[in-house]
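Q: Next come a sequence and a model predicted from it.
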Amino acid sequence: MTGQPRRSAWIATEAPARTGSNYPPEFATRVAGRSKRPLGDLFGLTNLGVNLVTLAPGSQSSARHRHCVQDEFIYLLWGELILVDDSGEVALVAGMCAGFPHGGTAHHLINRSDAPAVYLEIGDRLPGDSADFPDDDLVARHTPDGWRYLHKSGEPYP
C-alpha cells in the first residue's frame, strides 16, 4: 500500500490475504491452512491489530501461547472451532467470542470440522511483547523487525 492513497473503506474479504508463517519450520506446519487478512494495516492502525482469519479444516490459529503484553480478542463469524486453553477445550460456534488478557491463559484455536471457519482477531500493539508457548520448546520476542523465535534456553532457531 506504500505510495498509494489510503482507502477509507474496504470489503474485508477483498483485502489482501497473508498465508504461511514465520514460525520455525517444525511449528509452521500446524498453521498450514491459515489465512489472515490484516484489516488494521489497511487503515494505518498502529495501536490496534485487526485480522480477518480463515482456518481451513485441520488447521490451527497458532501454537498454544500467551502474550506478556498484548491482550487478544476473537469473534467467530462463521464455522466451528475448538478453543484450547489452560482449562481444557471449548467448542465455539458462530457468534461466540473469547478474550485473553496478557499474562493469562495460554490458548489457540483448532478447526476440527470439515468446513472453513472465519473469525476476527483483535489485539493491541503495545511495544515489548513476548509470548510463551507452554507445550513447546518455543518463546517469541517481538522486535522492530517482527517476531523472533527462540528455544526456551534462549538459543535462536536457525
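A: Right, received. Where do you want to start?
Q: just the strands in the chain please.
A: Under the criterion DSSP state E, the chain carries strands at the ranges 18-19, 34-38, 48-55, 66-67, 72-78, 80-85, 88-93, 97-100, 107-110, 117-124, 130-133, 138-143, 146-150.
Q: what's the second one packed up against?
A: I take that to be strand 34-38. Here strand 34-38 is seen to pack against strand 18-19, strand 48-55 when contacts are counted using 3 or more Cβ pairs under 8 Å, 6 or more residues apart in numbering; DSSP states H and E. Using the backbone N, CA and C atoms, a C-beta is placed for each residue, glycine as well.
Q: Export that strand to PDB, keeping only CA atoms.
A: Extracted C-alpha coordinates of strand 34-38, given in PDB (Å, rounded to 0.1, in the frame of the first residue of the first chain):
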ATOM      1  CA  ARG A  34      -4.500 -20.400   8.000                       C
ATOM      2  CA  SER A  35      -5.100 -17.200   6.000                       C
ATOM      3  CA  LYS A  36      -5.000 -13.700   7.600                       C
ATOM      4  CA  ARG A  37      -6.300 -10.500   6.100                       C
ATOM      5  CA  PRO A  38      -4.600  -7.800   8.200                       C
END
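Q: Now do it, average pLDDT.
A: Taken as a whole, strand 34-38 has an average pLDDT of 98.
Q: okay, the angle between that strand and strand 117-124?
A: Angle between the axes of strand 34-38 and strand 117-124 is 50 degrees (criterion: axes from the mean of the first three to the mean of the last three Cα atoms, to 10 degrees).
Q: partners of strand 34-38, with directions?
A: When pairs are called by DSSP bridges, strand 34-38 turns out to pair with strand 18-19 (antiparallel), strand 48-55 (antiparallel).
Q: So which of these is the most surrounded?
A: When those are scored by mean count of other Cβ atoms under 10 Å, the highest mean neighbour count falls to strand 48-55 (a mean of 19).
Q: That concludes my questions; thank you for your assistance.
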